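> Need a 3D model of the following:
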Amino acid sequence: MTITPTRMNSKVIKYILLWCAVILVMIVLLFLITKSRGRKYENKNDVKKNPVTKASQNIQYNRTPLIKNIPIGSSDGLDGIVSAPQQIHKDSKSVKKLLELYKKSKRYGYNTFKLTEDMVDVLNPNRFHPVTAPFTTKEESENGQFNDDPEERIFFRFETDRFSFIEDEKLEVRLAIYKGEKTKKPVKAALSDVVVFKNNKTGTFEKISTLSLGEYSPRFPGDGQYVGNFQPSIFIKDEFDGYLKFLVKWQIEGENPTNTELLVHYTKFSPAVFNGKIRDEVIDGSLKITVGLNVEKTGKYILTALLYDSSGKITVAYSNISVQLTSGETEATFPFYGMLFRDLGVAGPYKLKRLSGYLSGASTYGKGALLRDWNGNYSTQPYKIEEFSDEAYSDPDMQGTISAYEKQIRELEAKENQ
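Numbers count the residues shown, from 1 in each chain. Model (predicted):
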């Protein structure tokens, strides 16, 4: 059949239009894909985190993290996110959750909190938290390929026996280098002397001494085989409270040298001492434990008391207080809100086993001059559950915050129901 010019032109035009449409769709898709790949996520809730490479996971310069102070009034990490509402949230449901969190965090007031075994560790100012890091070999560093077999990898850890030291106390520094996550076979290395620095008032570290580490058989698999002792008071003569840094350079044969450091806190002169004088009583349905102190320096002190059951083995509560103390013999009172004992169903007597604290604002850097911990076994009177308050803590400030939450919830619900 013969195709006329008119019909042929019409068919060609259709093909051309079809291909133009296909090309246009491809351009649009390409633009969308490119835009999606290059998009920056500004909302933290909408972030697609970049994958972490194995290279970035292998820490070659090991820095032991500092232990944060437990803020007064902290409770299960709720403080700070459950304060009075400062902004309008998108929906009433989220505000209701915040309100419940706020009520939970203040159920026992501002100073009383449930004590768990985990919190015992966190609240201990002398607890050192070591970091065990995988060692990156020269070959791994060059080719970017890492051995996934934990028994073929080398690990290292630089640590001491405590985090906080006072006056003439000595500290033991240990460096562990071993192969195998389970077998923990010691690995030999050439070590430089440990360089010791102190944090001065300008925020920088200045060298005060060096320390040699001797090689010993590990006390247990994975323990440090390079050990040395250091007494800060010999090298620090003037008043000081702040951080000391220990830096050691070591090298395994055939590998690149590695720098490793750790930080501890040191107080040259303790500003106060718990003198062991303690008494207890129940007032307005709550337990009050009053402790004696001999204070050298007037100032604001942050103090913590840990309370256990009558056996001294089961954790019950802890109390944080911020109190102004004057020099001389004085007292500080720890409140334990009564409803906590009802909630736990634990009657007295209770055992007070540890007191700790520090002088707030004693220095620009560091947590302040430390008190020497009081570790004892003081027993309170045999209080009955019925003697304690059966209502959650409340005061005008709390009621004002709760009212602000409730007002915001009503306003949001009104908008949602429109």
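> can you pull the buried residues of stretch 302-318?
Within stretch 302-318, the residues that count as buried by 16 or more other CB atoms under 10 Å are 302-310, 315-318. Just so you know, the C-beta spots here come from the backbone N, C-alpha and C atoms, and that holds for glycine as well.
> and if you look at stretch 392-408?
Neighbour-count burial for stretch 392-408, counted by 16+ other CB under 10 Å, picks out 393, 398, 401, 402, 405, 408.
> Equivalent analysis for stretch 274-289, please.
Buried, per 16+ other CB under 10 Å, within stretch 274-289: 274, 278, 280, 282, 285, 286, 287, 289.
> Is it possible to get TSV of those residues that adds secondary structure and distance to residue 416?
Compiled in TSV, the buried residues of stretch 274-289 are given as follows (DSSP: H, G, I helix; E, B strand; the rest coil; distance: CB to CB, whole Å):
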residue	secondary structure	distance to residue 416
274	strand	55
278	strand	54
280	strand	51
282	strand	46
285	coil	40
286	strand	40
287	strand	44
289	strand	48
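> so residue 293 makes contact with residue 272?
Yes - at 5.0 Å, residue 293 counts as touching residue 272 under the criterion of CB atoms under 8 Å.
> So for stretch 164-178, mean pLDDT?
Stretch 164-178 comes out with an average pLDDT of 91.
> What is the end-to-end distance of that stretch?
For stretch 164-178, the first and last residues are 27 Å from each other (CA to CA, to the nearest Å).
> Report the two of the buried residues of stretch 274-289 separated the most.
Farthest-apart pair in the buried residues of stretch 274-289 is 274 and 285; separation 26.8 Å (CB to CB).
> Going by distance to residue 192, which of the buried residues of stretch 274-289 wins?
Checking the buried residues of stretch 274-289 against residue 192 by CB to CB gives residue 274 as the nearest, at 40.8 Å.
> That closest one: what's it in contact with?
Neighbour list for residue 274: 291, 292, 293, 355, 371, 372, 374 [criterion: CB atoms under 8 Å, 6 or more residues apart in numbering].
> Same check on residue 349?
Contacts of residue 349 (CB under 8 Å, 6+ apart): 310, 379, 380, 381, 382, 383.
> What about these, which are in strands?
residue 379 (DSSP state E).
> From the contacts of residue 349, list just the buried residues.
For the contacts of residue 349, a burial check counting by 16+ other CB under 10 Å picks out 310, 380, 383.
> follow-up on the earlier one: ok, so of the buried residues of stretch 392-408, who is nearest residue 151?
residue 393 (53.1 Å).
> rewinding a little: Throw the buried residues of stretch 274-289 into TSV and include distance to residue 228 and pLDDT, thanks.
Output for those, formatted as TSV (distance: CB to CB, whole Å; pLDDT from 0 to 100):
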residue	distance to residue 228	pLDDT
274	31	97
278	39	98
280	44	97
282	51	96
285	54	94
286	49	95
287	46	97
289	41	98
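> Now tabulate those residues in CSV and tack on distance to residue 135.
Compiled in CSV, those are given as follows (distance: CB to CB, whole Å):
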residue, distance to residue 135
274, 43
278, 49
280, 52
282, 57
285, 57
286, 53
287, 51
289, 48
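> For residue 298, state which of those residues is nearest.
Taking CB to CB as the measure, residue 274 is the one of these closest to residue 298, at 17.0 Å.
> Could you find the closest non-adjacent residue to the closest one?
In space, and not counting its chain neighbours, residue 274 is closest to residue 374: 3.8 Å by CB to CB, 6 or more residues apart in numbering.
> Ok, residue 185 next?
In space, residue 185 is closest to residue 179, 4.9 Å off (CB to CB, 6+ apart).
> residues contacting that neighbour?
Residue 179 is in contact with 151, 152, 153, 154, 155, 185, 187, counting by CB under 8 Å, 6+ apart.
> Can you tell me which of those residues lies closest to residue 171?
The closest of these, once distances to residue 171 are taken by CB to CB, is residue 155, at 22.6 Å.
> If the closest one is in a bridge, with which residues?
Taking DSSP bridges as the rule, residue 155 bridges to residue 134, residue 178.
> residues near it, how many?
Residue 155 has 18 neighbours, counted by other CB atoms under 10 Å.
> now swap in residue 107 and tell me
18.
> go on, residue 92?
By other CB under 10 Å, the residues close to residue 92 number 18.
> which residue sits closest to it in space, ignoring its chain neighbours?
Spatially, and ignoring its direct neighbours in sequence, residue 92 is nearest to residue 412 (3.9 Å; CB to CB, 6+ apart).
> you'd agree that neighbour is up against residue 91?
Yes - the pair residue 412 / residue 91 is scored as a contact, 6.2 Å apart, by CB under 8 Å.
> so how far is residue 111 from residue 387?
Distance from residue 387 to residue 111, counting by CB to CB, to the nearest Å: 19 Å.
> whoops, residue 307 was the one
Per CB to CB, residue 307 is found 12 Å from residue 111.
> list residues touching both of the two?
residue 319.
> Return the helix or strand where residue 407 lies as CSV; C-alpha atoms alone will do.
In the assignment (DSSP states H and E), residue 407 maps to helix 396-416. Presented in CSV, the C-alpha positions along helix 396-416 are these (Å, rounded to 0.1, in the frame of the first residue of the first chain):
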residue,chain,number,x,y,z
PRO,A,396,4.0,26.1,93.7
ASP,A,397,6.7,26.0,91.0
MET,A,398,5.8,22.5,90.0
GLN,A,399,2.1,23.3,89.9
GLY,A,400,2.8,26.3,87.7
THR,A,401,4.8,24.1,85.3
ILE,A,402,2.0,21.5,85.2
SER,A,403,-0.6,24.2,84.6
ALA,A,404,1.4,25.5,81.7
TYR,A,405,1.6,22.1,80.1
GLU,A,406,-2.2,21.5,80.6
LYS,A,407,-3.0,24.8,79.0
GLN,A,408,-0.9,24.0,76.0
ILE,A,409,-2.6,20.6,75.7
ARG,A,410,-6.1,22.2,75.8
GLU,A,411,-5.1,24.7,73.1
LEU,A,412,-3.7,22.0,70.8
GLU,A,413,-6.7,19.7,71.3
ALA,A,414,-9.0,22.6,70.4
LYS,A,415,-7.1,23.1,67.1
GLU,A,416,-7.1,19.3,66.4
